[in-house]
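Enquirer: sequence first, predicted coordinates after that:
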Amino acid sequence: MLRALIDWVDSRTGIRAARAHLLDEPIPAGTGWSFVTGSVVLFLILVQLATGVVLTRAKVDRQAPGRPRENARAGSTALISGPAGVAS
């Protein structure tokens, strides 16, 4: 049943050929850990970039519309002067 579904999806999209092209890369003999480590580092940088963009968009969307500067200014003033109602 699952094999039939996968075959149907592959006949419509060519997902198996795409997977083979992207993941089945021949690695030359004598390739060391630097090859693997470089691939892992590249993957992690891309994940960090993608999550950073998503989190930044979520933060920007939550600010009050039309007043992002005032919200940022109020936050930085509170950090410098301390909690409200406390005399310095």
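Expert: Good, I have the coordinates.

Enquirer: show me the shaky parts of the protein.
Expert: 60-88 (pLDDT under 70).

Enquirer: could you point out the longest helix of it?
Expert: As assigned by DSSP state H, the longest helix anywhere in the chain is helix 33-62.

Enquirer: same for the helix or strand containing Leu5, what does it pack against?
Expert: Per DSSP states H and E: Leu5 is located in helix 2-13. Applying 3 or more Cβ pairs under 8 Å, 6 or more residues apart in numbering; DSSP states H and E, one finds that helix 2-13 makes contact with no other helix or strand. Where you see a C-beta, it was placed from the backbone N, CA and C, and this is true even at glycine.

Enquirer: can you give me the neighbour number for Arg16?
Expert: 13 (other Cβ atoms under 10 Å).

Enquirer: gap between the closest residue to it other than its chain neighbours and Ala17?
Expert: Once flanking residues are discounted, Arg16 sits nearest to Asp10: 4.9 Å by Cβ to Cβ, 6 or more residues apart in numbering. Asp10 sits 8 Å away from Ala17, going by Cβ to Cβ, to the nearest Å.

Enquirer: with Pro26 instead?
Expert: 16 Å.

Enquirer: try Val36
Expert: With the distance defined as Cβ to Cβ, Val36 ends up 25 Å from Ala17.

Enquirer: and Asp10, how many neighbours does it have?
Expert: There are 14 residues near Asp10, going by other Cβ under 10 Å.

Enquirer: now the one 3 residues further on
Expert: Using other Cβ under 10 Å, Thr13 has 10 neighbouring residues.

Enquirer: likewise Ile27?
Expert: As a burial measure, Ile27 scores 8 neighbours (other Cβ under 10 Å).
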